[in-house]
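K.L.:
pasting the sequence and the predicted model now:
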2 protein chains.
Amino acid sequence: MTDVAQLEKLAKLIRYYILTSTTEAGSGHPTSSLSGTDLMTALLFGGTFRFDLEMPGHPNNDRLIFSKGHASPLFYSVWAAAGKVSEKELMGMRKFGSRLEGHPTLAFPYTEAATGSLGQGLSIGLGMALNGKYIDRLPYRTYVLLGDSEMSEGSQWEAMEIAAYYKLDNLVGILDVNRLGQRGETMYGHDLSVYDRRISAFGWKTIIIDGHSLPEILSACNQAIEVKDRPVMIIAKTIKGKGVSFIEDKNGWHGKTLKKEELSRALEELGTVDRSARGTTAIPENLKPVAGQAQKAPGLSYILNAPAATRHAYGTALVRLAPQFPQMVVLDAEVSNSTYAEIFKEKYPDRFFEMYIAEQNMVGVALGLARRGKIPFVSTFAAFLTRAFDQIRMSQYSEANIKFCGSHAGVSIGEDGSSQMGLEDIAMFRTLLDSVVLYPSDAVSTERLVEVAAQHNGIVYIRTTRMETPVIYDNSEEFPIGGSKVLRKSSHDLVTIVAAGITLREALAAYDELKKEGIAVRVIDLYSIKPVDAVTLAAAAAQTRAVITVEDHFAEGGIGEAVKSALALQPVPVHSLAVRRMPHSGKPAELLDYEEISAKAIIRKTKEIL
Amino acid sequence: MTDVAQLEKLAKLIRYYILTSTTEAGSGHPTSSLSGTDLMTALLFGGTFRFDLEMPGHPNNDRLIFSKGHASPLFYSVWAAAGKVSEKELMGMRKFGSRLEGHPTLAFPYTEAATGSLGQGLSIGLGMALNGKYIDRLPYRTYVLLGDSEMSEGSQWEAMEIAAYYKLDNLVGILDVNRLGQRGETMYGHDLSVYDRRISAFGWKTIIIDGHSLPEILSACNQAIEVKDRPVMIIAKTIKGKGVSFIEDKNGWHGKTLKKEELSRALEELGTVDRSARGTTAIPENLKPVAGQAQKAPGLSYILNAPAATRHAYGTALVRLAPQFPQMVVLDAEVSNSTYAEIFKEKYPDRFFEMYIAEQNMVGVALGLARRGKIPFVSTFAAFLTRAFDQIRMSQYSEANIKFCGSHAGVSIGEDGSSQMGLEDIAMFRTLLDSVVLYPSDAVSTERLVEVAAQHNGIVYIRTTRMETPVIYDNSEEFPIGGSKVLRKSSHDLVTIVAAGITLREALAAYDELKKEGIAVRVIDLYSIKPVDAVTLAAAAAQTRAVITVEDHFAEGGIGEAVKSALALQPVPVHSLAVRRMPHSGKPAELLDYEEISAKAIIRKTKEIL
């Protein structure tokens, strides 16, 4: 039997799986799966794809990402044809408790990263390819199955330009041009030349094929692995619903499954299926990734009261901690001289990757790196992390171990004005399941929080401040996740002031002023906004008449509401000072006053309450 | 005097303004301004740009958007050279209270839209061009000044593809390729051919010029307005810092101003400046926009208890309200058959624009439309609106009148799984200043809330549900913004249950069950999550022992925290039921149970409290 005949048999089996499992589920995307069936069959079982089926995490495995995650029936069926999913399990697809969810998730061990929000898989693949070529130095290749509809997402072109820039010849995209999107034809239909021109212009090698010709696919796969110094896109003309005449190339069949009687007709058309056929993948190499030895990081030597910007301490912390975390990789979106990631870049140029002004791709790349065992630290202005909220949101479903740092938080950045002010970043990161949100107020706490972030497995957000603030903590102070610091306390405190970052300075100034007037207040540094130190807050709430939160962030979803949630079952009144007026340009102090989050405002509010 | 000589004189004046005003401010971006000075001088004062200086809002004015908003010193200086900003005002740039903020904002009347987050101006311009060509049918043109660094943003390529798709020959981009980004060289430096190839491949006419040759710029501007059926990009090779020898083309001068002594040297180089020189713009036409007559919308005729999906009611509401709001325009990101915006599209194809899967550009386009007086309704899955958070965030600084609709909210979508579930959308929209967040629970409230959204001037978010829910309101019921509905109430209520959308159904079911057991609870439909009905909540809190919030959304920033904020000064305990476990595929009812936001969970929590 020729290879092609065996592949034909497997493709038929996979089509059988797609059709039967989606009809059984009663929902899903059979037609988008059928268009890519021949592509995936030939890729996985045609000899180029190297994968240890018993060890999906093998560091030398080629990686496969379904950017068009809605083709999950194809994804699961391919692994079924490889013998790793039983027919019984396939028939439970999309049911509660199944590993085979509506779109691929990590519940299924062959999923490299959760997909389903379109236009993200290429960036994730890019991260894995970057890891293979420049960090682990392993010969694995990364394949990404793309839909034509999703090529309209800008994030694709971010990935295109960066992959070409880094000459990632270990990255292969497979573009399944089936002409039809969810609600009708794409912008270009079956005009493959548009994709060819654009993708070529972005510096990729393109290979145009008939996506249902197994010999053409095999040839393209073989050609792709010979290309040097640039990524490859196999652009395949396909038919949505291919293999079932009455749904082929028809609009109105996206996300629609066959009824029982339609399935019977379809299976009749398909003909005899060899349900015992199984595909085999090539055997991967067994090389070890290049990896450094962990060494203990040195201690700190900040001088109390000396001014230092927390954003600067972020950069110095990365350098200090680099020996302790050899898996650390730093990415920045063309503002490393502002976030101070450049301090790391200068010391460890091999572990720093410039991501240019393309935040969405940067986060996807970070996810790809994290899935390959790295600890990516990702920085830009806090405001601009909003650009990648969808990628950040999706990364939580891939159990991402990513550290985000947003600099230039709040109105305290001053003259640059509202567009550059991160005022919704805490709310954004708090929404994520099990996320950690940290907000240091001085250089020492920044260093320590970067350290605990690196140690913690999961998504951590670190918020830094543009301006300098005095060092208030001793070099030996520790800052566990979920903790807080009670900085001012007496037995007769009337009010508790909860602050973090830049507003902590204001709270301490308010304390001094109020003390002169004989008003004792407690001051808490809520450096860990999520998880929040509910115990300390509860004690303070019980011991004082009221709580005042003060934050350089919009009123919703930030520190105020985190504290209200922590104290929701206690009767203490919680007053929240936050950014509530349209922010403008001006001096930091003017803006803190204008927004009523300055020491003056804290004093006023305290007196108003008492 | 030749035109070019006059333009040279104006360019010199503008450079003088840029240098003196930024040194005075002590911050800002003079070098990025100097690279674009000749381009803007020749465009505005060279004869092609039609603008009534006394009436910046004139509907026939050509529009000018600085996508590279950090070149604001150039922007303000150009208008100063047009006589609309005094030298005194220029010298107050970036100071608190000045109209001339760090990046352009609407405080300055010549700003079309606030910019400063890169890669957004082209989409906004696209919206304005779309309006000119297809809606207002006015001959104005839209010009967008772009930086080369920001071309790495994917949103640019979304705008590129959509502008070409809609054949917007009234849109002209001017790409200021000054080679240097914030922290170093861009990916392509001065290789203009890269931009040329890519932009051409995206369907635009390109014109390559020396961006400091006034004759070349004039010629390009004249050529640009003759192009038919496609947008034009003038790609200009420029020098960052042009005109001041010691900062020209030098790295390390981004966002840096000249010191006093450096300024003296620079001005000496500049030579004699005619501070009385003033540029003139061409006179715009005086045509009236095409506009329909407003007619009263018909009433509703839903049948009580009949099932209907709120997402479907969104579509029917758009059609019903279209006659009443002739300025309504509907955009959707290739999912109109799921959001049901397609109902509008079928009835009013001329006022519907398919935006394909490119959410960032869609929001930018909406802002452009809103700035030209339209009322854009923008829809996609709630989850995918996160893709455009940066654009949404920026739109608040342009006082945007945009209505967002996010469908498929929450785990109740079922089998499609986590990637498709909007679980952070309420938190995202709540952060925006003065935003309105609405969450209807049945078809009648959806219709009414779409209506109040259209009437309200500002950003409104409407959250809809995938599955059908019974009609619970009478057709004549009204739903003012900031209101709520107390649906179940007695004099002996023990607990208040606050719900909205899909969880309202669960709360009502819990009420029935608890009633059977003799436990009276109050049920509030919190359809307006922001602003929230603090009065009704306060009364319920005072009259019952505890409040339980229940929402199909993550725990942070949603309904629970909105209610906690409203009740922060009251001693009532607030318990919050929300999505707190990793969501999966499954049947809606299974998932509501799993996440403990179902009737069962409400009953359990109620009993636990009592």
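P.N.:
Everything's here; your move.

K.L.:
give the pairing partners of the longest strand seen in chain A; include direction for each.
P.N.:
Identified as the longest strand of chain A according to DSSP state E is strand A:546-554. Next to strand A:546-554 in the sheet, as set by DSSP bridges, lie strand A:495-499 (parallel), strand A:574-579 (parallel).

K.L.:
can you put the ones you listed in CSV and add mean neighbour count and mean pLDDT?
P.N.:
Quick note: C-beta positions are derived from backbone N, CA and C, even for glycine. CSV is the format used below for these (neighbours: other Cβ atoms under 10 Å in any protein chain shown; pLDDT from 0 to 100):
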stretch, mean neighbour count, mean pLDDT
strand A:495-499, 29, 98
strand A:574-579, 23, 98
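
K.L.:
between these, which gets nearest to residue B:362?
P.N.:
strand A:574-579 (27.3 Å; Cβ to Cβ).

K.L.:
quick check on residue A:404: phi, psi?
P.N.:
phi -100, psi 140 (degrees, to the nearest 10).

K.L.:
same check on residue A:331?
P.N.:
phi -120, psi 150.

K.L.:
bridged to it, which residues?
P.N.:
Applying DSSP bridges, one finds that residue A:331 bridges with residue A:353, residue A:378.

K.L.:
for the residue in the stretch 301-450 of chain A that chain B sits nearest to, what are its contacts?
P.N.:
Relative to chain B, the nearest point of the stretch 301-450 of chain A is residue A:419 (2.7 Å; Cβ to the nearest Cβ). Listed by Cβ atoms under 8 Å, 6 or more residues apart in numbering or on different chains, the contact set of residue A:419 reads A:383, B:69, B:102, B:103, B:105, B:114, B:115, B:116, B:117, B:394, B:397.

K.L.:
just to revisit the earlier point, now whatever helix or strand comes next after the longest strand of chain A: average pLDDT?
P.N.:
Tracing the chain past strand A:546-554, the next element assigned as helix or strand by DSSP states H and E is helix A:559-566. Averaging pLDDT along helix A:559-566 yields 98.

K.L.:
buried residues, the helix ranked longest in chain A. List them.
P.N.:
Counting residues, the longest helix found in chain A (DSSP state H) is helix A:3-25. Of all the residues in helix A:3-25, those buried under the rule 16 or more other Cβ atoms under 10 Å in any protein chain shown are A:6-25.

K.L.:
return only those of these found close to chain B.
P.N.:
Contacts with chain B within those, as defined by Cβ under 8 Å from any Cβ of the partner chain: residue A:25.

K.L.:
starting at the chain centroid, how far to the helix or strand following the longest helix of chain A?
P.N.:
Heading C-terminal from helix A:3-25, the first helix or strand you meet, by DSSP H and E, is helix A:30-34. In terms of Cα atoms, centre = their mean, to the nearest Å, the centre of helix A:30-34 is found 27 Å from the chain centre.

K.L.:
coming back round to it: and the angle from the longest strand of chain A to helix A:559-566?
P.N.:
140 degrees (axes from the mean of the first three to the mean of the last three Cα atoms, to 10 degrees).

K.L.:
which of the contacts of residue A:419 tops the neighbour count?
P.N.:
residue B:69 (32 neighbours; other Cβ atoms under 10 Å in any protein chain shown).

K.L.:
so what's that one up against?
P.N.:
Residue B:69 neighbours (Cβ under 8 Å, 6+ apart): A:419, B:75, B:103, B:104, B:114, B:115, B:116, B:117, B:118, B:121.

K.L.:
where does the stretch 401-550 of chain A dip in pLDDT?
P.N.:
Low-confidence segments of the stretch 401-550 of chain A (pLDDT under 70): none present.
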